[in-house]
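Provided below are the primary sequence and the corresponding predicted coordinates.
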Amino acid sequence: MQGKSMAFGGGERFEPAAESERDTLRALAERLPRPARFLIVGGLGLVTDLGAFTLVVNFGVSPLIARLVSLSLATLVTWRLNRALTFDRSGRRQHREAIRYGAVTAAAQGTSYAVFAVLTLTLLAGLPQAAIVIGAACGALISYNGHRLFAFAPVAATHTSKNR
């Protein structure tokens, strides 16, 4: 499926429907305040985390190892969705933005994982999914501000001086 758009010189060009659908989805998402979009994306990441964790644990893998797998998958999902729906383009190449995202996420997910590990090894040994939710809530506090102020922060305008 393709969408039609106008090109320079009055000619028509066709663009992939996925791009126009992505623009439509972004426009719909922007009707919500950024924190709400972040929470929705985080909720989808949490569902990914819980689903992958439960699946991996059911194969007999230790909960601590299973969480590393599920957290990695959830991080990939939230990066792509936050980039597409929550935050404005930073002006950086995707790989540079991904590195910045990874740095913030390492701090946030490190906190999340530490809370999860402590709870799973103590109070919530029988219900590690609850420990995931509590850990995710702790990590989200770090994550939102880190992504807003660092990972997806716009590139600072470079100032040139005539005196240089």
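Thanks, I have the structure now.

is it true that residue 143 touches residue 106?
No: with contact taken as C-beta atoms under 8 Å, residue 143 and residue 106 are classed as non-touching, separated by 10.6 Å. In short, each C-beta sits where N, CA and C put it, glycine included.

these two: which is more packed in?
Taking other C-beta atoms under 10 Å, residue 143 and residue 106 do not tie; residue 143 has more neighbours (26 against 13).

ok, and the closest non-adjacent residue to that one?
When the adjacent residues along the chain are set aside, residue 143 lies closest to residue 108, with 3.8 Å between them (C-beta to C-beta, 6 or more residues apart in numbering).

what sits against that neighbour?
Residue 108 sits next to 139, 140, 142, 143, 146 when contact means C-beta atoms under 8 Å, 6 or more residues apart in numbering.

since we're on the first one, how many residues are nearby?
Think residue 139. The number of residues packed around residue 139, counting by other C-beta under 10 Å, is 23.

isn't residue 48 right next to residue 73, touching?
Yes: Residue 48 sits in contact with residue 73 when judged by C-beta under 8 Å, with a separation of 5.9 Å.

which one's more surrounded, the two?
Summary of the neighbour comparison: residue 48 and residue 73, criterion other C-beta under 10 Å, with residue 48 having more neighbours (19 against 16).

any idea how far residue 76 is from the more buried one?
Taking C-beta to C-beta, to the nearest Å as the criterion, residue 48 is separated from residue 76 by 9 Å.

circling back: in helices only, show me the contacts of residue 108.
139, 140, 142, 143, 146 (DSSP state H).

make TSV out of these and add pLDDT and distance to residue 124.
As requested, the ones in helices among the contacts of residue 108 are arranged in TSV below (pLDDT from 0 to 100; distance: C-beta to C-beta, whole Å):
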residue	pLDDT	distance to residue 124
139	93	16
140	92	18
142	93	21
143	92	22
146	93	26
